[in-house]
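>>> Here is a sequence with its predicted model. Questions after.
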Amino acid sequence: MGKVGTGKKKGRAKRIFKVVALTVLALHALFLLVFFIGSVYVRFWNPPVTSLMIYRMVLSGERSRTISLTSLEKMPSSLGRMVLSVEDVRFYDHWGIDPGAMRDAWRRNDGFEKKRYGASTVTQQTARTLFLWPQKSYLRKYLEILIALELDLLVPKERILELYLNYVEWGNGVYGAAAGARHHFGKPLKDLSDDELARLVVLLASPRKYAPDTIGSRPPLRKRYDILREGIAAGMF
């Protein structure tokens, strides 16, 4: 009887495992299908609203300012180069995620009670801005990676960068580079100086806490600004 009972328990455990595994696979398949459709959509059309905008509106009642969408061709060419130089230097070489950067961030975070360093590519940040929520968690990071892989597979790099620059957060209720230029400097994006563009790019690291004239108060932001200023002086942008 003991062996029979043990056999029944093992059989039940196998059935439960099978059901759980099939459920997980089905949820992944559904998730990938939904964001396959979402990726195809944003490849050709500009979404009228993003999950980040909805999140800010629902949780804090924050209303976004009028979104001013600008094609990549009409933005200062130096803007994209500055962003990639500090946010994702291997943007054109990776396939949505950067395993090397993730490994480095993991090592740098080792020993810290709270995660300090991230390794999200511009593609991952675009995925998060368009489809997910801002709070850090392992679940969000996992979903962000899956969506980033689909985006990179289905959407051209230049379009991903264009989406990023048009929808990323640049202040409380401020989305996109054009809105960021108006909000922080009171003039069109195309009229910003190289130094103003650099300050605008630095804000991406903490857009809700700092302004162009306060980035020097935080060492990591000041370091980014110094890197961009050196690049400007060297004619890199």
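Structure's in. What do you need?
>>> so what are the domain limits for this structure?
When the chain is parsed with automatic domain parsing, its domains come out as 1-45, 46-233.
>>> Quickly compare those and say which is most buried.
Across these, averaging neighbours per residue (mean count of other Cβ atoms under 10 Å) puts domain 46-233 on top, at a mean of 17. The way it works is simple: take the backbone N, C-alpha and C, and place the C-beta from them, glycine included.
>>> Export whichever strand or helix holds residue 202 to CSV, keeping only CA atoms.
Here residue 202, judged by DSSP states H and E, is contained in helix 194-202. Output in CSV follows, covering the C-alpha atoms of helix 194-202 (Å, rounded to 0.1, in the frame of the first residue of the first chain):
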residue,chain,number,x,y,z
ASP,A,194,24.8,72.1,-27.7
ASP,A,195,25.2,72.9,-24.0
GLU,A,196,21.4,73.0,-23.5
LEU,A,197,21.0,69.7,-25.4
ALA,A,198,23.6,68.2,-23.1
ARG,A,199,21.8,69.4,-20.0
LEU,A,200,18.5,68.0,-21.4
VAL,A,201,20.1,64.6,-22.1
VAL,A,202,21.6,64.5,-18.6
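>>> so what secondary structure elements neighbour it?
helix 77-87, helix 177-185, helix 219-233 (3 or more Cβ pairs under 8 Å, 6 or more residues apart in numbering; DSSP states H and E).
>>> could you check the angle helix 194-202 makes with the longest one?
Think helix 219-233. Between helix 219-233 and helix 194-202, the angle comes out at 140 degrees (axes from the mean of the first three to the mean of the last three Cα atoms, to 10 degrees).
>>> any idea how far helix 219-233 is from the chain center?
Its chain's average C-alpha position is 21 Å from that of helix 219-233, according to Cα atoms, centre = their mean, to the nearest Å.
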